[in-house]
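**Q** Need the 3D shape of this:
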Amino acid sequence: MKKVIIVFFVTAICCQVQAQEEKEKKQIYVLHHAELKKGKEKQAIERMKAHDEKYHKEGEVVGKGFVGSIINGKNAGHVYWTYGPFAFADWDTSELAKEHEADNNEIRQEFIEKHHGADYWVYNKDLSLEIEGKEYGMKRIFEFVKLHPGKNEQFGDLVKKHLKVMKENKIDNAYTFNAAFGRRDGYNVLLVFPFTNWAELDERNPEYKEQFEKIHGEGALKKAGEEWGECVESYYVEVVIYPETEE
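**A** Reported below is the predicted structural model:
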């Protein structure tokens, strides 16, 4: 089922929002991509979690901190050191303890081999879905998407079609984020699909074609796949695991 979503679920970079929504506080997450020193990975994650517990607790001005390990692809073994949600305006009132940066630097010097950069992702409420009663798993599929120029609106419409099917059939939660500043490599959309059990990655949803076409008409899923090909220049998928859920 997850693989069906990955192949057919699409997103847009920035959709227009109504005036009322523009007034809502932005929900931003920052992902620090770090490569840990060999042989110190477990110790590093524990040290980073201790830092987050002290300086980045849930509900505080800069948001909750957490560490996720990448398990596949060229970045396997690296981590995303993340915190959020927050708004940029929160930085104007942040009162982190003076020793925060010193503690950060200590971790970097002792445990981080290379810092590959930080990306800021803005939650896109219009292109996200949270089904009541669905668990928000701490194992997650991250899908990074690069669109062809001028395809934003077409993609936004396509995303909403998939979300409607997913919602009416209670398939799964799905979250879309847009890069706040863009990225040099052009991947400025992030789709997040939480899951709880590894068995979910083996599942298929053979009924999805029927479910999709019941809502959008005969042949609609094939057309949606063609639109994906028209709009997406490239994409890649990473599975990110948060250690606190592992035994």
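**Q** make it CA atoms for all contacts and neighbour counts henceforth
**A** Fine.
**Q** Which residue ranges make up each domain of this protein?
**A** The domain map for the chain lists 2-21+124-245, 25-122, with the assignment taken from automatic domain parsing.
**Q** Need the residue closest to the centroid of this protein.
**A** Relative to the mean C-alpha position of the chain, the nearest C-alpha, by CA atoms, centre = their mean, is the one of V192, at 3.9 Å.
**Q** before we move on, the earlier item: I'd like the domains of the chain laid out as JSON lines, including mean pLDDT.
**A** Shown next, in JSON lines, are those (pLDDT from 0 to 100):
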{"stretch": "domain 2-21+124-245", "mean pLDDT": "85"}
{"stretch": "domain 25-122", "mean pLDDT": "90"}
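**Q** which helix is the longest one in this structure?
**A** Secondary structure of the chain read by DSSP state H shows that its longest helix is helix 152-168.
**Q** Quick check: next helix or strand after that one?
**A** Elements were assigned by DSSP states H and E; along the chain past helix 152-168, the next helix or strand is strand 175-179.
**Q** most remote residue from the chain's center?
**A** Note on the chain: the largest C-alpha distance from the chain mean falls to E218, namely 31.7 Å (CA atoms, centre = their mean).
**Q** do you know how far it is from K125?
**A** Between E218 and K125 the computed distance is 29 Å (CA to CA, to the nearest Å).
**Q** do the same with Y55
**A** On the measure of CA to CA, Y55 and K125 end up 27 Å apart.
**Q** Name the residue in the two with the higher neighbour count.
**A** Between Y55 and K125, counted using other CA atoms under 10 Å, Y55 has the larger neighbour count: 19 against 15.
**Q** my guess is the more buried one meets A102, correct?
**A** No - Y55 lies out of contact with A102 (CA atoms under 8 Å); the separation is 11.9 Å.
**Q** the longest strand in the protein is where?
**A** For the chain, the strand that runs over the most residues, judged by DSSP state E, is strand 112-123.
**Q** Give the buried residues for that strand.
**A** Of the residues in strand 112-123, those buried by neighbour count under the rule 16 or more other CA atoms under 10 Å are 112, 119-123.
**Q** try stretch 80-90
**A** Within stretch 80-90, the residues that count as buried by 16+ other CA under 10 Å are 80-87.
**Q** Name the nearest of these relative to D185.
**A** For these, the closest approach to D185 (CA to CA) belongs to Y80, at 17.5 Å.
**Q** and the residue nearest to that closest one when sequence neighbours are not counted, what does it touch?
**A** On the basis of CA to CA, 6 or more residues apart in numbering, the spatially nearest residue to Y80 that is not a chain neighbour turns out to be H33, at 4.7 Å. Applying CA atoms under 8 Å, 6 or more residues apart in numbering to H33 gives the contacts 78-81, 115-118.
**Q** Check which element follows the helix or strand hosting H33 along the chain.
**A** Of the helices and strands defined by DSSP H and E, H33 is found in strand 28-36. Using DSSP H and E, the helix or strand that follows strand 28-36 in sequence is helix 41-55.
**Q** tell me the angle that next one makes with strand 28-36.
**A** 150 degrees (axes from the mean of the first three to the mean of the last three CA atoms, to 10 degrees).
**Q** For helix 41-55, which residues meet the burial criterion?
**A** Applying a neighbour-count criterion of 16+ other CA under 10 Å, one finds 41, 44-45, 48-49, 51-52, 55 buried in helix 41-55.
**Q** same deal with stretch 148-164?
**A** Using 16+ other CA under 10 Å as the test for burial, stretch 148-164 gives 152, 155-156, 158-163.
**Q** ditto for stretch 101-109
**A** Counting neighbours by 16+ other CA under 10 Å, stretch 101-109 gives 107-108 as buried.
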